[in-house]
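Undergrad: compute the structure for the input listed below.
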Amino acid sequence: MNASEARRWMERFFAAFDREQQALTDLDRRSGDGDFGANLRSALNRARTALATADTATPGDVFDVVSTAFLNTGGTSGPLFGMWFRHLAKATRAETVGVAELARGFADATATVQRLGGAKPGDKTMVDAMVPAAEALTAASVGAPGDLPEALTAAAAAARSGADATAGLLARRGRASYVGEVARGVLDPGAVTVALLTEAACS
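TA: As a prediction, the model looks like this:
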């Protein structure tokens, strides 16, 4: 993956979020305060604008731009996504990166989100999709260098499975934890967004 391909990944993610924004907002309204879609739309609009004029020589440069846009967003999820992208950027500062670099970036980024937010798998948060995606990439990076499209496809499937599983969970972190059983049966919008992001990498 080079900088141009990283840009196209982000563009596909922006488009996927645009399509799903109302659904994500509805999920948050049923389990939180309903501002998730608006906050992330604001971040992604800033990212689009910044990337249009940014000089990006490596994938890490692209992810840095997106990170800054998220870090300047209100709410909780925006800054957590911002830190996730910041650590992904640190691992991808080469003209071309492969499975090993992306695996390290996903792992470091996810560990940072867990440390800052205090969530673990099963808590009904974005971590429920981040952890399996990172684990899938790590597994693909072990031993001989893996095929990047194949690794990303596995990560996307793992993220989507993790996001889908949040419907049956009782939230222990985030706004959804305040409403208890009311949020049972509702997908976590942060986890769904992680699935969209990871799927966009292999579209």
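Undergrad: what's the weakest-modelled helix or strand in the protein?
TA: helix 176-179 (a mean of 50; mean pLDDT, DSSP states H and E).
Undergrad: which helices and strands does the helix or strand following that helix pack with?
TA: Downstream of helix 176-179, the next assigned helix or strand under DSSP states H and E is helix 189-201. Contact here means 3 or more Cβ pairs under 8 Å, 6 or more residues apart in numbering; DSSP states H and E; on that basis helix 189-201 packs against helix 3-31, helix 36-53, helix 77-90, helix 127-141, helix 148-165. C-beta coordinates here come from the backbone N, C-alpha and C atoms, glycine included.
Undergrad: run through who's touching the third one.
TA: Residues outside helix 77-90 that contact it (Cβ atoms under 8 Å, 6 or more residues apart in numbering): 36, 39-40, 42-43, 59-64, 66-73, 102, 105-106, 108-110, 112-113, 116-117, 126, 130, 189-190, 193.
Undergrad: out of the residues you listed, which are inside helices?
TA: 36, 39-40, 42-43, 59-64, 66-71, 102, 105-106, 108-110, 112-113, 116-117, 130, 189-190, 193 (DSSP state H).
Undergrad: for the protein, what are the low-confidence residue spans?
TA: Counting by pLDDT under 70, the chain contains low-confidence residues at 32-34, 143-146, 171-184.
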